[in-house]
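Asks: Sequence first, then the predicted structure, then my questions.
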Amino acid sequence: MFRNMTIRKRIMAILAIVYVVSLSLAVGGGYYVLRQDTIRESLEKTEIFSAAMSSSAKYLTSAIRPKVQEYLPDTYFPEATVGIFMLTTIAKTVQEQYPEYIYRIASPNPLNPENLADAFEEKVIKSFEAGEIDSWRGFVQREGKEFYAVATPMVAGQNCIWCHDTPEAAHPKMVEQYGTRSGYGYALGDVVGTRVVYVPTEVALQQAKKKLGYFAGGFSLFFLLALIAVDRIIISSVVRPIEKIVEVATDISRGKMDREFEVNTNDEIRALADAFKRMKVSLAKAMDILRR
């Protein structure tokens, strides 16, 4: 490949190969780092969202529900007594301002049909039930978009049983609203569902790709300028001195013994010129001997 190239072209070809390899490694490594940064940022958002929702649920069970049951023991008031109802309502309110964020309370046996687990959520719930994982996090496709999701198990506690034990034990108005086909039969300590926070990664990944584009453009511009600078240096310090030596050697081979090898550097080209000078001297002596 390089055998039939001039020194200048050979060096340019080598630099071009170095550019392609280094750009590929830089972009690949940069994308990995930015994607990890996207994961970290998405995880922070999901943890904040999840912590806010969990705190709301704890406040309901520790402060609001006891007071409602104390003052209104026979009243069906799910907004202040049912944690899942409150969380789904809060999630809908949040999604009005941030429609791209999704908070799901999913169960294979929900009271509210809106909370029925999809294929992904059901698979995660089964992993929780089997004790394979304590939580799940990662990228998932949902409605054609990529999200970073964090899922945590929902375990039936005493506060769940009073609604989800049997239709007969539940409040009549709740049974009237949701029916008796689903949402019952919960046992204390069982994994009955999952809470999932979906944070969109599309915007963050697009920004990462844009940063990579800027980096690749800047890197390419820098390398192009470096290539031009190297090309000028090669021409002035390597190609032209060698061409000059070739020109003088050609003239000497044609009998012009007055030509001199002139090199202003102290490198290999100077050593080559000195070798040609010695060869010229030897050639002159040989010609003098032949003339005699």
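Replies: Looks like it arrived, so ask away.

Asks: What's the first helix or strand after the helix-or-strand element of the chain with minimal mean pLDDT?
Replies: Least confident helix or strand of the chain, by mean pLDDT, DSSP states H and E, is helix 78-81 with a mean of 72. Downstream of helix 78-81, the first helix or strand assigned by DSSP states H and E is helix 83-97.

Asks: tell me which residues in the least confident helix or strand of the chain are buried?
Replies: Across helix 78-81, burial judged by 16 or more other Cβ atoms under 10 Å covers Pro78, Thr81. The way it works is simple: take the backbone N, C-alpha and C, and place the C-beta from them, glycine included.

Asks: Using PDB, write down the CA coordinates of that helix.
Replies: Presented in PDB, the C-alpha positions along helix 78-81 are these (Å, rounded to 0.1, in the frame of the first residue of the first chain):
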ATOM      1  CA  PRO A  78     -60.600   7.300  49.400                       C
ATOM      2  CA  GLU A  79     -58.900  10.600  48.700                       C
ATOM      3  CA  ALA A  80     -57.700  10.600  52.300                       C
ATOM      4  CA  THR A  81     -57.700   6.900  53.200                       C
END
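
Asks: What lies in contact with it?
Replies: Leu60, Ile64, Arg65, Val68, Gln69, Phe85, Met86, Thr89, Met174 (Cβ atoms under 8 Å, 6 or more residues apart in numbering).

Asks: which residues touch the strand or helix carrying the fifth one?
Replies: Translated: Gln69. Using DSSP H and E, Gln69 maps to helix 65-71. By Cβ under 8 Å, 6+ apart, the surrounding residues in contact with helix 65-71 are Thr75, Phe77, Ala80, Thr81, Asn159.

Asks: Apply 10 Å and report the result again.
Replies: Tyr59, Leu60, Thr75, Phe77, Glu79, Ala80, Thr81, Val82, Gly83, Met86, Asn159, Trp162 (Cβ atoms under 10 Å, 6 or more residues apart in numbering).

Asks: How many neighbouring residues does the last one have?
Replies: In terms of burial, Trp162 registers 12 neighbours under the definition other Cβ atoms under 10 Å.

Asks: tell me what the strand or helix carrying it is packed against?
Replies: Assigned by DSSP H and E, Trp162 belongs to helix 158-164. Under the contact criterion of 3 or more Cβ pairs under 10 Å, 6 or more residues apart in numbering; DSSP states H and E, helix 158-164 touches helix 78-81, helix 83-97, helix 172-178, strand 191-200.

Asks: So what's the gap between it and the chain middle?
Replies: 42 Å (Cα atoms, centre = their mean, to the nearest Å).

Asks: That helix: which residues count as buried?
Replies: Going by 16+ other Cβ under 10 Å, helix 158-164 has these buried residues: Cys160, Cys163, His164.

Asks: And for stretch 250-264?
Replies: Ile252, Phe261, Val263.

Asks: Only the buried subset of the contacts of helix 78-81, as a PyMOL command please.
Replies: Typed into PyMOL, the line below selects the buried ones among the contacts of helix 78-81, using 16+ other Cβ under 10 Å:
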select buried, resi 60+64+65+68+85+86+174
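
Asks: Distance to Gly29 and pLDDT for the contacts of helix 78-81 - can I get that in TSV?
Replies: Formatted as TSV, the contacts of helix 78-81 follow (distance: Cβ to Cβ, whole Å; pLDDT from 0 to 100):
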residue	distance to Gly29	pLDDT
Leu60	47	78
Ile64	51	81
Arg65	52	77
Val68	56	78
Gln69	58	75
Phe85	48	78
Met86	46	78
Thr89	45	80
Met174	56	82
